[in-house]
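[1] sharing a model prediction with you, sequence too.
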Amino acid sequence: MPRPIVVRCTGLAGSLLLAGAAWLGGASSPWEPTVTPRTILAGRDGVLLPLCWLAGTLLLTGAWWAGRRVVPSLRHALVTAALWALPLLPFLPLGSYDVHSYACQGWQLAAGLDPYAGGVDLLGCPWTDAVAPTWRGSPAPYGPVFLAMAAAAAELGGSLTGTVALLRGIAVLGVVALAWCLVRLARHTGVPPERAVWLALACPLVPIHLISGAHNEAVMVALLAGGLLAAVSRRVLLAGVLLGLAVGVKATAVVVLPFVALLFPGLARKAMLAGGAVATLTAVSFGTGLGLGWVTGLSGSGVSVQWTAPPTAVGMTLELLGVPGAVTGARIAGMIVLSAVLVWLWLRARHRDPVLHAGLALAATVLLAPVFHPWYALWPLTVLAVTLPGDTRWLAAPCAVAGVLCLPDGYNLALATKAQGAIVVTVLVGCLVWKVLYETKSDSRRLAVDHGGADRSSGVP
């Protein structure tokens, strides 16, 4: 078992190397042709950049994985997470160009334009050349709460650099608020706070994508955790307001609301929770002048087609086998299955832990949605970290894999392995489905045998 100080220093070395990778090849302005495995092998990106990225990612991820078994104290976990994030603060965004899209969408709103009416190609932005080409034609897929924050950042920042710096500051504040909520949630659920903080905040996805990449997940999960903390503290109206704000950052947060409602007895309190969320979201929507246009803006988020989303992987494999339109069909099937799973989880949660099942619902949403990006793994991680007892390898392993998917400037390695990745994920999905069906059939047989044995022992023919 490695000593905690060795784990901390190993992760810090990895973070310093990743800071070097961000300096050498982070998301720069204007957008440049993406760093890919092909450009790295051809030597066009030099040697230092890929080495810093690879060694830094492996060291940081390895330190997090090794340190999760024994965390000496809450203070150790908090200080380590902060130290690992600190080196990435002064450098270019790492792992994604999304923060440049945020900046342009904020500028559009500050200029009196509607970011849901079109992308930067249509509405314009002084920093259009910094936005990745994939997203230049897409309207904003985020809620009015985050767009209001981005507009404030654009207005106060003035330049792209200033706006990105303020958006990163917002992300840092979100992570700090998340830490405060996680500690208190863990104490309520009986999970050791140091373990929860280590799993959720020392995870490499936090320094790479929340701090460096300034993704709005930092705000969403902080509000989500705040809403859950208010709910378990029986503060129904505050829980509704915070969860409504979370939905106003990313609509995915709405998945949690039905589970939180189970924490409050009586129809009146459930109505107060829902009313607080709806009233808050409505007030922000119309207060920003955006109305409900953000609901239609969500359709632009499905542009990406990658095997990292299991339903999309199945569709890609079927298309490789000659089935036309299979990706669309598989995505629709995935949403149907997701709906059924969410209902099943909610029915189970009525007699079990609703907070745990809210985390499982977020995990199901990540797995069955049409699109997956590495930072999406933080949605369920932040909730499950404070609810899951015992071994957490199955929770940490996918996050560790997700942490190595994005090259320094945001190129997703899934793009370089489309066919291979799609086939592998499809096989894994098939194995999982078979296992679920096999276990269900075995359980049914055991129940039949148990009932049969009971009948014979009691003399019933």
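    Here it is on my side, so go on.
[2] return the distance of stretch 209-228 from the chain's centre.
    Chain-centre distance of stretch 209-228: 9 Å, with Cα atoms, centre = their mean, to the nearest Å.
[3] going by neighbour count, list what's buried in that stretch.
    209-228 (16 or more other Cβ atoms under 10 Å). Yep, even glycine has a C-beta here, placed from its N, CA and C like the rest.
[4] how about the secondary structure of residue 305?
    Residue 305 falls in the coil class when you classify it by DSSP: H, G, I helix; E, B strand; the rest coil.
[5] list the contacts of it.
    Residue 305 sits next to 312, 316, 327 when contact means Cβ atoms under 8 Å, 6 or more residues apart in numbering.
[6] ranking the residues you listed by neighbours, who comes first?
    residue 312 (27 neighbours; other Cβ atoms under 10 Å).
[7] tell me how far that one lies from residue 432.
    Between residue 312 and residue 432 the computed distance is 16 Å (Cβ to Cβ, to the nearest Å).
[8] also residue 348?
    For residue 348 relative to residue 432 (Cβ to Cβ), the value is 19 Å.
[9] likewise residue 21?
    34 Å.
[10] so which of those two has more stuff around it?
    Legend: neighbour count by other Cβ under 10 Å for residue 21 and residue 432, higher for residue 21 (29 against 12).
[11] helices or strands up against the helix or strand where the more buried one lies?
    Assessed by DSSP states H and E, residue 21 sits inside helix 4-25. Packing partners of helix 4-25 (3 or more Cβ pairs under 8 Å, 6 or more residues apart in numbering; DSSP states H and E): helix 48-67, helix 74-85.
[12] check which element follows the last one along the chain.
    Following helix 74-85 in sequence order, the next helix or strand is helix 98-110 (DSSP H and E).
[13] measure how far that following helix is from the centre of its chain, please.
    20 Å.
[14] please tell me I have it right and residue 407 contacts residue 413.
    Yes. Residue 407 is within contact range of residue 413, at 6.8 Å (criterion: Cβ atoms under 8 Å).
[15] those two: who's more crowded?
    residue 407 (27 against 15).
[16] ok, the closest residue to residue 304 other than its chain neighbours - how many residues close by?
    Counting by Cβ to Cβ, 6 or more residues apart in numbering, residue 304 lies nearest to residue 371, which is 5.1 Å off, once chain neighbours are set aside. Look at residue 371: counted by other Cβ under 10 Å, it has 18 neighbours.
[17] check residue 114 too.
    18.
[18] for residue 406, see how far away residue 413 is.
    Distance from residue 413 to residue 406, by Cβ to Cβ: 7 Å.
[19] switch the helices and strands packed on helix 4-25 over to JSON lines; also include distance to residue 159, mean pLDDT and mean neighbour count.
    Formatted as JSON lines, the helices and strands packed on helix 4-25 follow (distance: least, Cβ to Cβ, whole Å; pLDDT from 0 to 100; neighbours: other Cβ atoms under 10 Å):
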{"stretch": "helix 48-67", "distance to residue 159": "26", "mean pLDDT": "95", "mean neighbour count": "21"}
{"stretch": "helix 74-85", "distance to residue 159": "24", "mean pLDDT": "97", "mean neighbour count": "20"}
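[20] of those, give the one that comes closest to residue 339.
    helix 48-67 (33.7 Å; Cβ to Cβ).
[21] and the closest one, how far out from the chain middle?
    The answer for helix 48-67 is 20 Å, by Cα atoms, centre = their mean.
[22] mind listing what residue 80 touches?
    7, 8, 11, 67, 198, 202.
[23] the residues you listed into TSV, with extra columns for distance to residue 254?
    Shown next, in TSV, are the contacts of residue 80 (distance: Cβ to Cβ, whole Å):
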residue	distance to residue 254
7	37
8	38
11	34
67	34
198	29
202	28
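[24] tell me the pLDDT of residue 297.
    What the model reports as pLDDT for residue 297 is 62.
[25] if I look at the nearest residue to residue 356 once chain neighbours are set aside, how far off is residue 200?
    By the measure of Cβ to Cβ, 6+ apart, the closest residue to residue 356 outside its immediate chain neighbours is residue 387, 4.1 Å from it. In this view, residue 387 and residue 200 are 11 Å apart by Cβ to Cβ.
[26] go on, residue 94?
    For residue 94, the distance to residue 200 - Cβ to Cβ - is 19 Å.
[27] now do the contacts for residue 208.
    Here residue 208 is in contact with 18, 57, 60, 88, 94, 95, 403, 406 (Cβ under 8 Å, 6+ apart).
[28] the fourth one - how many residues pack around it?
    Here the count is done by other Cβ under 10 Å, and residue 88 has 26 residues near it.
[29] mind checking what secondary structure the residue positioned nearest the centre of the chain has?
    Nearest to the geometric centre of the chain sits residue 376, at 2.1 Å (Cα atoms, centre = their mean). Classification of residue 376 by three-state DSSP places it in helix.
[30] quick check: it touching residue 366?
    Yes. The pair residue 376 / residue 366 is scored as a contact, 5.1 Å apart, by Cβ under 8 Å.
[31] before we move on, back to that, show me what contacts the residue nearest to the centre of the chain?
    Per Cβ under 8 Å, 6+ apart, neighbours of residue 376: 217, 366, 369.
[32] how near is residue 274 to residue 224?
    16 Å.
[33] what do you get for residue 154?
    In terms of Cβ to Cβ, residue 154 sits 25 Å off from residue 224.
[34] and if you look at residue 2?
    Distance from residue 2 to residue 224, by Cβ to Cβ: 32 Å.
[35] report the angle between the host helix or strand of residue 397 and helix 48-67.
    Counting by DSSP H and E, the element that carries residue 397 is helix 393-402. Orientation note: helix 393-402 sits at an angle of 170 degrees relative to helix 48-67 (axes from the mean of the first three to the mean of the last three Cα atoms, to 10 degrees).
[36] in helix 393-402, what counts as buried?
    395, 396, 398, 399, 400, 402.
[37] dump the residue contacts of the spatially closest residue to the first one that is not a sequence neighbour.
    If I follow you right, that is residue 395. Of all residues not flanking residue 395 in the chain, residue 384 sits nearest, at 5.7 Å (Cβ to Cβ, 6+ apart). When contacts are counted by Cβ under 8 Å, 6+ apart, residue 384 touches 356, 359, 360, 363, 395.
[38] at 10 Å what do you get?
    Residues near residue 384 by Cβ atoms under 10 Å, 6 or more residues apart in numbering: 191, 196, 199-200, 355-356, 358-360, 362-363, 392, 394-395.
[39] equivalent analysis for residue 276, please.
    For residue 276, the contact set (Cβ under 10 Å, 6+ apart) comprises 227, 230, 236, 237, 238, 239, 240, 241, 242, 243, 244.
[40] take those and keep only those in helices.
    227, 230, 236, 237, 238, 239, 240, 241, 242, 243, 244 (DSSP state H).
[41] what ranges in the chain fall below the confidence cut-off?
    By pLDDT under 70, the weakly predicted segments of the chain are 1, 296-303, 436, 438-461.
[42] what number of residues lie near the nearest residue to residue 413 once chain neighbours are set aside?
    Of all residues not flanking residue 413 in the chain, residue 405 sits nearest, at 5.3 Å (Cβ to Cβ, 6+ apart). Residue 405 has 18 neighbours, counted by other Cβ under 10 Å.
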